[in-house]
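[1] my questions are about this predicted structure, shown below with the sequence.
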Amino acid sequence: MPIASPAASVALEGFELRVLNLPLVAPFTTSFGTETVREVIVVRALTGGAEGWGEIVTGAAPLYSSEYTQSAWDVAVRWLIPALLAEPSVSPEGVAGVLRPFVGHRMVKAGLELAVLDASLRSEGRELGEYLGAVRDRVPSGVSVGIQRDPAALVDTVAGYLEEGYARIKIKIKPGRDIADTAAVREAFGTIALQVDANSAYTLADGDTLAELDRFDLLLIEQPLQEDDLVDHAALARRLSTPVCLDESIVSAKAAIDALALGSASIINIKAGRVGGYLEALAIHDLCRDAGIPVWCGGMLETGIGRAANAALAALPGFTLPGDISASSRFYTRDIVTEPAVLDDGHVRVPAGPGLGVQVDLDALDEFTVLRETVTR
Ligand code: SMG
Ligand code: MG
């Protein structure tokens, strides 16, 4: 369903941007590299009334996608923020239209839109979950587990998360660290809900290896091939019994429509940052629901700001698989909100209260800020 009722316009006075460096509790290794610090951009929309918060989920380097901290900062300051500030007032639903002339940079657009949306909803005393059409007040929590030293270490790490109560395990794979790792987890823990994520590390020539994963009864394999490999993903999907889920490839509702038409995926990972905002994410949810395609909410190691928004999104009816919405403590010892997400019976609560429903901890924010700039009209 589209949003029940539009949110109020806000008179934007400016945006504060900050680059944060948040230390991770443990290194996080994917097929494209290892991170020990989460570098992320936090946005604060300054309006005539309430302020609003957003998060630009770019990383330090263009490895997950083409966007990264400096590209995000530059396009925000030079182009996107001036375009928004040129408007006398902007509604959350109007942000994407104002930014549409600028090609790409979807994570930046998403972060700016979220800040405007939060400011608008706070000014009206409305909750983000209600605005988006949430039907639950808590969501099942899955955890994404990085590549470990060896399969035995992976089993130890997964055991810890299962003890904490996570509802679903996702393990990262790459060539040479796929079959034995998956086998070890499946053998150690029996029928747990298990899926794998390759972050584009394979080509169609690896079909034989990927077909070996079929014997592990996985929920899905996420993004085995490159972002623009829709046709190859369709060929692979025909070969595998494991459902193919797309992450990186789904950069918009149009990309989702194309992927489904081609048979490139039978499940879709929705990330607001990757698709340019929570409203585009909602559109993808709606079209997948109409098509009978299950969706789940992906994660980008969000701070408490993006994590709150993701929980609200994942509470929509079409999100039928657990998302990568773990407790804050999965990644961070200190978060930048006063009440970080916690795991309760395998679930994370959708924060209640106006806008995102979380309060930013300004002392924590200052502690992690490495760069700060305010752009005003
Ligand atoms: O936020 O729990 C999280 C991370 C989930 O694995 C995760 N994200 O491809 O799905 C993905 C990755 C993208 C980030 S890798 C640095
Ligand atoms: Mg992924």
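    Here it is on my side, so go on. Residues are numbered from 1 along each chain as shown. Ligands and ions are numbered 1, 2, ... in the order given.
[2] residues near whichever residue of the stretch 101-250 of the chain sits closest to ligand 1, how many?
    Closest residue of the stretch 101-250 of the chain to ligand 1, Cβ to the nearest ligand atom: S144 (3.4 Å). C-beta here means a position set from N, CA and C on the backbone, and glycine is covered the same way. Using other Cβ atoms under 10 Å, S144 has 24 other residues around it.
[3] on the pLDDT front, check M1 for me.
    We have a pLDDT of 67 for M1.
[4] my guess is L236 contacts T203. True?
    No - counting by Cβ atoms under 8 Å, L236 does not reach T203; the two are 9.6 Å apart.
[5] common neighbours of the two, please.
    Common neighbours of L236 and T203 (criterion: Cβ atoms under 8 Å, 6 or more residues apart in numbering): L225.
[6] quick one: contacts for the residue of the stretch 151-300 of the chain found nearest ligand 2?
    Closest to ligand 2 within the stretch 151-300 of the chain is D247: 3.6 Å, counting by Cβ to the ion. Contacts for D247 (Cβ under 8 Å, 6+ apart) come out as 197, 199, 222-223, 269, 271, 274, 298.
[7] give me the buried subset of those residues.
    197, 199, 222-223, 269, 271, 274, 298 (16 or more other Cβ atoms under 10 Å).
[8] take the contacts of D247 and keep only those in strands.
    With strands defined by DSSP state E, the entries of those inside them are 197, 222, 269.
[9] those residues: which ones sit near ligand 1?
    D197 (Cβ under 6 Å from any ligand atom).
[10] among the ones in strands among the contacts of D247, which ones lie close to ligand 2?
    197, 222 (Cβ under 5 Å from the ion).
[11] from the ones in strands among the contacts of D247, which is closest to P2?
    Of all the ones in strands among the contacts of D247, P2 sits closest to N269, with 21.6 Å by Cβ to Cβ.
[12] please tell me how far the closest one sits from N21.
    Distance of N269 to N21, computed by Cβ to Cβ, to the nearest Å: 26 Å.
[13] picking up where we left off before, what's the most distant pair in the buried ones among the contacts of D247?
    Most distant of those, by Cβ to Cβ, are D197 and R274, 13.7 Å apart.
[14] sec struct for the residue of the chain most remote from its centre, please.
    Among residues of the chain, the one most distant from the C-alpha centroid is P88; the distance is 30.8 Å, by Cα atoms, centre = their mean. Secondary structure for P88, judged by DSSP: H, G, I helix; E, B strand; the rest coil, is coil.
[15] residues in contact with the residue lying closest to it once chain neighbours are set aside?
    Nearest non-adjacent residue to P88, counting by Cβ to Cβ, 6 or more residues apart in numbering: A11, 7.1 Å away. For A11, the contact set (Cβ under 8 Å, 6+ apart) comprises 47-49, 88-89.
[16] and the helices in this protein, which stretches?
    69-75, 81-85, 95-99, 106-124, 128-132, 151-164, 179-189, 207-212, 230-239, 253-262, 272-275, 278-291, 304-314, 362-368 (DSSP state H).
[17] using a markdown table, lay out these together with distance to A7.
    Formatted as a markdown table, the helices of the chain follow (distance: least, Cβ to Cβ, whole Å):
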| stretch | distance to A7 |
| --- | --- |
| helix 69-75 | 24 |
| helix 81-85 | 15 |
| helix 95-99 | 11 |
| helix 106-124 | 4 |
| helix 128-132 | 6 |
| helix 151-164 | 36 |
| helix 179-189 | 43 |
| helix 207-212 | 43 |
| helix 230-239 | 34 |
| helix 253-262 | 20 |
| helix 272-275 | 16 |
| helix 278-291 | 10 |
| helix 304-314 | 13 |
| helix 362-368 | 25 |
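[18] output those helices in TSV; the columns should cover mean pLDDT.
    Shown next, in TSV, are the helices of the chain (pLDDT from 0 to 100):
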stretch	mean pLDDT
helix 69-75	98
helix 81-85	98
helix 95-99	98
helix 106-124	98
helix 128-132	98
helix 151-164	98
helix 179-189	98
helix 207-212	98
helix 230-239	98
helix 253-262	98
helix 272-275	98
helix 278-291	98
helix 304-314	98
helix 362-368	98
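[19] can you list those in TSV and add distance to ligand 1?
    Putting these into TSV (distance: least, Cβ to the nearest ligand atom, whole Å) gives the following:
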stretch	distance to ligand 1
helix 69-75	13
helix 81-85	25
helix 95-99	23
helix 106-124	12
helix 128-132	18
helix 151-164	11
helix 179-189	15
helix 207-212	17
helix 230-239	15
helix 253-262	16
helix 272-275	9
helix 278-291	14
helix 304-314	8
helix 362-368	17
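[20] okay if I get those helices as JSON lines plus distance to ligand 2?
    Shown next, in JSON lines, are the helices of the chain (distance: least, Cβ to the ion, whole Å):
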{"stretch": "helix 69-75", "distance to ligand 2": "19"}
{"stretch": "helix 81-85", "distance to ligand 2": "29"}
{"stretch": "helix 95-99", "distance to ligand 2": "23"}
{"stretch": "helix 106-124", "distance to ligand 2": "14"}
{"stretch": "helix 128-132", "distance to ligand 2": "22"}
{"stretch": "helix 151-164", "distance to ligand 2": "17"}
{"stretch": "helix 179-189", "distance to ligand 2": "16"}
{"stretch": "helix 207-212", "distance to ligand 2": "15"}
{"stretch": "helix 230-239", "distance to ligand 2": "13"}
{"stretch": "helix 253-262", "distance to ligand 2": "15"}
{"stretch": "helix 272-275", "distance to ligand 2": "9"}
{"stretch": "helix 278-291", "distance to ligand 2": "15"}
{"stretch": "helix 304-314", "distance to ligand 2": "14"}
{"stretch": "helix 362-368", "distance to ligand 2": "25"}
